[in-house]
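With the input below, show me the fold.
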Amino acid sequence: MKTMKKLPTLLFAMAVGLSATLIASETQAQVDTAIKKVGQTGKKVGQKTASVAVKGASAVKDKVYKGKEGPDGQTVYIDKMDRKYYVDDKGKKIYLKKSEIRDKQD
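Prediction:
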């Protein structure tokens, strides 16, 4: 008799628990997606900041190779050891061979 009286309460508790679990898992998926997007955006901003900083430092510290450009039209710099390089989108200096440097195209 006692079991029959507790059965509706038990079923109600199971339904509430199941719905709470489903809602929590959906919310967790949305949070994971948001975190991933923020992480990707932060990475892009960091790379752009690094690129701008390195280009600024190169323009002050090193000489700009006038009339020449990199393989994809980048500004070419010459360091104190006469090495030619350009700065990529991630802020890394890419050193060039003579064959990779070309005259500027208008």
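
Residue 90 against residue 47, yeah?
Yes: using CB atoms under 8 Å, residue 90 makes contact with residue 47 at a distance of 4.6 Å. Bear in mind the C-beta positions are built from the backbone N, C-alpha and C, glycine included.

Tell me which stretches of the protein form strands.
Here the chain has its strands, by DSSP state E, at 63-69, 75-78, 84-87, 93-95, 102-103.

And the shortest one, how far out from the chain middle?
Spelled out, that is strand 102-103. In terms of CA atoms, centre = their mean, to the nearest Å, the centre of strand 102-103 is found 31 Å from the chain centre.

contacting residues around the residue lying closest to residue 62 once chain neighbours are set aside?
Excluding its sequence neighbours, the residue lying closest to residue 62 (CB to CB, 6 or more residues apart in numbering) is residue 77, at 4.4 Å. Residue 77 sits next to 58, 59, 62, 63, 64, 65, 84, 85, 86, 87 when contact means CB atoms under 8 Å, 6 or more residues apart in numbering.

Need the pLDDT of residue 77.
pLDDT for residue 77: 94.

repeat for the one 5 residues further on
pLDDT, the model's per-residue confidence, is 92 for residue 82.

To what extent is it buried, counted in neighbours?
Other residues lying near residue 82 total 7 when counted by other CB atoms under 10 Å.

Kindly report the same for residue 92.
Residue 92: 13 neighbours (other CB under 10 Å).

how close does it get to residue 68?
Distance, residue 92 to residue 68, using CB to CB, to the nearest Å: 20 Å.

so who does residue 70 touch?
Applying CB under 8 Å, 6+ apart, we find residue 70 in contact with 76, 86, 94, 96, 100, 101.
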